[in-house]
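Asks: Show me how the following folds:
(one chain, ligands or ions: 2)
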Amino acid sequence: MPDAGGTDHLFHTDMNDEKKQYFHALQILADNCTGCTACVKVCPTEAIRVRDRKASIDPNRCIDCGNCVSICQFHAIIPRSDSLETLNKFKYRVAIISSSYFGQFTEDISYAVAKQALLELGFDEAAEEAMVTDFMIKIIRDYIRANRDKRPILSSNCPAVVRLIQVKYPALLPNLFHLEAPMSILTRYLREKIREEKQLNEDEIGIFLIVPCVAHVTAVHQPEGVYKHLQDGAFSIGMIYGKVRELIKKVQNNPVEIDTYPKGLTWALSGVQAELVDCEDIRALSVNGIENVMDILSRVEDHYLDQYDYIVLRSCTNGCVGGCLNVENPFVAMSRIQKMIKEGEEQIIDIHNLEELYHDGEFAVAPLTARPIMELDKDIKTAIKKMKKINEFLTMLPGLNCSACGSPTCYALAEDIVLGKATIDDCLVLLKRHSKEED
Ligand code: SF4
Ligand code: SF4
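Replies: Ligands and ions are numbered 1, 2, ... in the order given. Just a heads-up that it's a prediction; the model follows:
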C-alpha cells in the first residue's frame, strides 16, 4: 500500500522483545496537523499524543476505531485502503460487500443497481456479507449453548472491539465468540467453491472486502486468530463511492438479473442482530458506540451482566452503518437498509456446503492474545518505583484533564513524563500559573 506521508512509524512497531509489529490502516499527514488535540480527546485507548503541535499515534495502543479520523476537521489523520489496481494481479476477482454499503445510496438507486455498479469496477463476482446472516445466527446459537460456562459470550465480528478487548479488557478474551466472522467465513467458502468450479489455482483468485471502517482494512492486512490465507485486500466504501456513482447511470440503462439478499442485511444493524439471536433459552443484548461498549465491558468484568448469554458489541454508532469510511449519515443509512429489509423478498440461500465446512472445523480461530499497554517496566521493582513517580507528578498537575498538554489526561501526562516522553513544562496550565507568579 502507498505511504503518502512518510509516517512509517505509524504502521509498524517493535513490540517489546517479541518483535511484534502492528499494522494500522491510518496515516497522519503532519503538514495538515494543527496540534488542536481534538483527536487526543476522542481516542478510547489514549493512543494519541500531540507534541510540538503534531499528533502521533502509539501503534501498540491503537485499535483502529476510526474516532480520530472522524473528528479531525483538518484531514490530518486519514484512512488507508488498497488501490483498485491490486485487482489486476488476479485472474478471477471477487468482492464481498459489507451490508452497510447498501445504505449509502439515495432511494432512487435500487439494491440491485448498487450491486451491479460495484461489479463494473472490475470484479467477476460479487458476494454479500448478508448471504451468511442466517448461518451466523445458527452457529452463534450453537456456540452459546455449548459454552454456557463462558457467558456472556461477546460478539467478535467488529475488529475494533476485539482489539479493544485485547488492549484494555484481556480478562474477557475467553468470552469472545471463537469462530470466524461472516466475511471470513464467506471468503473460505467462496475460495473453495471458485477453485473447484473454475479450475483455478488459489493464487489466481483475488477476494476483496468492501468495508465501512478502518478496523476492517487493518483486519485484512493483520488478521487476528487466523490459520489460513483469507482476503487479498480491502477497499473502503468511501474510496470507491465516487466511481460507483459514475457507473450507476450506465448500469441503470442496462440492468441485469442479479441476486440480492435483503433479509440478511440485518447484519449491518447491531440491534437487530441481537434480536435475531435472542430466543427462548438465549438472552441477547446489543450495544453500539465505543463509549457504551467500554462501559458494558467494564460491567461484564464486574459480573454485573451475567444474566445475558450473548452481547453484540459494535464500535460505531448504530453498528457498521456508522463506520467512518461510509459516506451517509448512519441514521439515514440505517433507515434505508430497514426499508430494503421490509420490502425485500424472502430468499432461500443454500448453506449446505457452509454447514459441511463448519462441521469440519474450517471456521475455527486460533486463541487471541492480550496486548498489554499498561506495563511500566518488565522489572516489577522498577515498575513500582515508576508508579510512585507518576503519583508524585500527579500531585503537581492541576487535575483538569484538559488535554492542552497533548496527553489525554493529567495521569497520562504524568506517565509520559516518567517514561521520558514529555516534561512537566508541557502542562500549559502550570506554565501559565508560574509565569503569573513571576509577574
Ligand atoms: S483509530 Fe481509534 S484507537 Fe486508533 S488512534 Fe484513532 S481514535 Fe485512537
Ligand atoms: S462497528 Fe462495524 S464499521 Fe464500526 S469498527 Fe466495528 S466492524 Fe467496523
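
Asks: Please name every helix or strand in contact with the host helix or strand of E355.
Replies: Counting by DSSP states H and E, the element that carries E355 is helix 352-359. Other helices and strands packing on helix 352-359, by 3 or more C-beta pairs under 8 Å, 6 or more residues apart in numbering; DSSP states H and E, are helix 133-146, helix 182-198. Yep, even glycine has a C-beta here, placed from its N, CA and C like the rest.

Asks: pLDDT weak spots in the protein?
Replies: The chain contains residues with pLDDT under 70 at 1-20, 270, 346-348, 350-351, 374, 439.

Asks: list the contacts for the residue sitting nearest the centre point of it?
Replies: The residue lying closest to the centre of the chain (C-alpha atoms, centre = their mean) is A215, at 2.7 Å. Contacts for A215 (C-beta atoms under 8 Å, 6 or more residues apart in numbering) come out as I63, D64, C65, G66, C158, P159, A160, R163, S315.

Asks: and what of A383?
Replies: Counted by C-beta under 8 Å, 6+ apart, A383 has contacts E375, L376, D377.

Asks: now, which of these sits nearest I207?
Replies: E375 (37.3 Å; C-beta to C-beta).

Asks: Against I63, how distant is the closest one?
Replies: Here E375 is placed at a distance of 17 Å from I63 (C-beta to C-beta, to the nearest Å).

Asks: More neighbours: these two, which one.
Replies: I63 (27 against 9; other C-beta atoms under 10 Å).

Asks: which residues touch that one?
Replies: P44, T45, A47, A160, R163, L164, V167, A215, S315.

Asks: sec struct for it, please.
Replies: Following DSSP: H, G, I helix; E, B strand; the rest coil, we place I63 in the coil state.

Asks: circling back: also near ligand 1: which of the contacts of I63, exactly?
Replies: P44, T45, A47 (C-beta under 6 Å from any ligand atom).

Asks: Near ligand 2, which residues of the stretch 251-400 of the chain? Just list them.
Replies: Close to ligand 2, as judged by C-beta under 6 Å from any ligand atom, the stretch 251-400 of the chain has residues R314, S315, C316, G319, C320, G323.

Asks: Who are the contact partners of E120?
Replies: Here E120 is in contact with L247, K250, V251 (C-beta under 8 Å, 6+ apart).

Asks: tell me which residues in stretch 88-97 are buried?
Replies: F90, R93, V94, A95, I96, I97 (16 or more other C-beta atoms under 10 Å).

Asks: on that earlier part again, redo the helices and strands packed on helix 352-359 as JSON lines? Include mean neighbour count.
Replies: Listed next are the helices and strands packed on helix 352-359 as JSON lines, based on neighbours: other C-beta atoms under 10 Å:
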{"stretch": "helix 133-146", "mean neighbour count": "18"}
{"stretch": "helix 182-198", "mean neighbour count": "18"}
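
Asks: Can you lay out these as a markdown table showing distance to ligand 2?
Replies: Compiled in a markdown table, the helices and strands packed on helix 352-359 are given as follows (distance: least, C-beta to the nearest ligand atom, whole Å):
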| stretch | distance to ligand 2 |
| --- | --- |
| helix 133-146 | 14 |
| helix 182-198 | 10 |
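
Asks: right, and those - which one's nearest ligand 1?
Replies: Counting by C-beta to the nearest ligand atom, ligand 1 lies closest to helix 182-198 out of the helices and strands packed on helix 352-359; the figure is 20.0 Å.

Asks: Next, the angle helix 352-359 makes with that closest one.
Replies: 120 degrees (axes from the mean of the first three to the mean of the last three C-alpha atoms, to 10 degrees).

Asks: For helix 182-198, name the packing helices and strands.
Replies: strand 92-97, strand 125-128, helix 133-146, strand 205-211, helix 352-359.

Asks: Tell me which of the ones you listed lies nearest to I258.
Replies: Short answer: strand 125-128, nearest of these by C-beta to C-beta, at 8.1 Å.

Asks: Partner strands of the closest one and their direction?
Replies: strand 92-97 (parallel) (DSSP bridges).

Asks: Any part of the partner strand near ligand 2?
Replies: No - legend: contact between strand 92-97 and ligand 2 by C-beta under 6 Å from any ligand atom is lacking; minimum distance shown is 13.3 Å.
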